[in-house]
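*Asks:* build me a model:
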Amino acid sequence: MVTEPAAERGQIILMKGRDLWVFMPDVSQPVRISLAQRLTGQVANGDLARANFAGDYNPKIVGSEKIGSDNYHVLELVAVDRSVTYQRVVYWVNEKSGWPLRAEFYSLSNRLLKKCSYENFQTLAGRVRPTRLVMEDALRSGEKSVLDYSEMKLRDLPDKIFTKEYLKKLD
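*Replies:* Numbering: from 1, shown residues only. Predicted coordinates for the structure are as follows:
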């Protein structure tokens, strides 16, 4: 559920499998949307709803790189099918910690679409995670969006809330 910015407050996103739906308070029915469609700024719906590198991509280590004093594995992630947001991702992962540093996201035609840097690692919901993601548009120089996570709660939720019909009850 979107709480900020105010213009988008009340929107609710539901993902079931690879189908993505949005409920907007001023529209009576949930609307199916594309994973690649932009939610806001440089952030695509799929960036928020489904960042499943392990399940959606076949990984291959293509190199290593020393950045600052740390060594990184450079992975190439190739989409398992065309239903995912990006067809290829190049992903830098710290060799010691396993934490991501950055990623580059490519289209089916191998065009660089955006870059992401993973920053400000803190413990949220019992695990160390990046709490700041900076998404830069590779096609429009200087345009970027920042996702800041300050709180995360793990909760058991009943299956019934993961339906299009239930979205209308949440606003």
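
*Asks:* please make it C-alpha for all contacts and neighbour counts, starting now.
*Replies:* Noted.

*Asks:* so which residues make contact with the strand of greatest length in the chain?
*Replies:* Across the chain, the longest stretch assigned as strand under DSSP state E is strand 112-124. For strand 112-124, the surrounding residues in contact (C-alpha atoms under 8 Å, 6 or more residues apart in numbering) are 42, 100-107, 128-139, 151-153.

*Asks:* give me that answer again for 7 Å
*Replies:* Applying C-alpha atoms under 7 Å, 6 or more residues apart in numbering, the contact partners of strand 112-124 are 100-107, 128-139, 151-152.

*Asks:* can I get the buried part of those as one ChimeraX selection?
*Replies:* The following ChimeraX line selects those of the contacts of strand 112-124 that are buried, judged by 16 or more other C-alpha atoms under 10 Å:
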select :100,101,102,103,104,105,106,129,130,131,132,133,134,135,136,137,138
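
*Asks:* so the residue nearest to residue 88 when sequence neighbours are not counted, which state does it fall into?
*Replies:* Once flanking residues are discounted, residue 88 sits nearest to residue 78: 4.6 Å by C-alpha to C-alpha, 6 or more residues apart in numbering. Secondary structure, DSSP: H, G, I helix; E, B strand; the rest coil: residue 78 is strand.

*Asks:* wait, residue 78 sits on residue 86?
*Replies:* No. Residue 78 lies out of contact with residue 86 (C-alpha atoms under 7 Å); the separation is 8.7 Å.

*Asks:* who's more crowded, the two?
*Replies:* More neighbours surround residue 86 than the other of residue 78 and residue 86, with 26 against 18 (other C-alpha atoms under 10 Å).
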